[in-house]
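Enquirer: Give me a model of this one.
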Amino acid sequence: MQGTILEVAVDEGQTVAAGDVLCVLEAMKMENDVVADAGGTVTEIPIAEGDSVDMGDRLFVLE
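Expert: Predicted coordinates:
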């Protein structure tokens, strides 16, 4: 979904569980939570608050 990153809720090295909120994305004047689809450790965050993203962009890397 195309939009703007409002908040990044995790840090690199943080362990997350399935369903945890990773970031908040504003699209079409609505705030959408982006959640982890599986548990793991956040190894890369190539986005920052205020970044514009398009569909297919990598937001997080979990291992």
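
Enquirer: Need phi/psi at Lys29.
Expert: As for Lys29, its main-chain torsions (degrees, to the nearest 10) stand at phi 60, psi 20.

Enquirer: For Thr4, see how far away it is.
Expert: Using C-beta to C-beta, to the nearest Å, we find Lys29 at a distance of 11 Å from Thr4. (C-beta placed from N, C-alpha, C; glycine too.)

Enquirer: Comparing these two, which residue is more hemmed in?
Expert: More crowded of Lys29 and Thr4, by other C-beta atoms under 10 Å: Thr4, with 13 against 6.

Enquirer: What pLDDT does the model give that one?
Expert: On pLDDT, Thr4 comes in at 98.

Enquirer: mind listing what it touches?
Expert: By C-beta atoms under 8 Å, 6 or more residues apart in numbering, the contact set of Thr4 is Leu25, Glu26, Ala27, Gly50, Asp51, Ser52, Val53.

Enquirer: What helix or strand is it located in?
Expert: Using DSSP states H and E, Thr4 sits within strand 3-8.

Enquirer: Quick one: residues in contact with the next helix-or-strand element following that strand.
Expert: Using DSSP H and E, the next helix or strand after strand 3-8 towards the C-terminus is strand 15-16. Contact with strand 15-16 is made by Val10, Leu22, Ala36, Gly39, Gly40, Thr41, Val42, Leu62, as judged by C-beta under 8 Å, 6+ apart.

Enquirer: do that again at 6 Å, thanks
Expert: Outside of strand 15-16, the residues within contact range by C-beta atoms under 6 Å, 6 or more residues apart in numbering are Ala36, Thr41.

Enquirer: And stretch 31-47, by the same measure?
Expert: 5, 10, 12, 14-25, 58-63.

Enquirer: Any quick ChimeraX command for the buried ones out of the residues you listed?
Expert: Filtering the contacts of stretch 31-47 down to the buried ones (16 or more other C-beta atoms under 10 Å) takes a single ChimeraX command:
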select :5,10,16,22,23,24,25,59,60,62
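
Enquirer: Phi first, then psi, for Gly50.
Expert: phi 90, psi -10.

Enquirer: Using the three-state scheme, assign Glu25.
Expert: In this structure residue 25 is Leu, not Glu. strand (DSSP: H, G, I helix; E, B strand; the rest coil).
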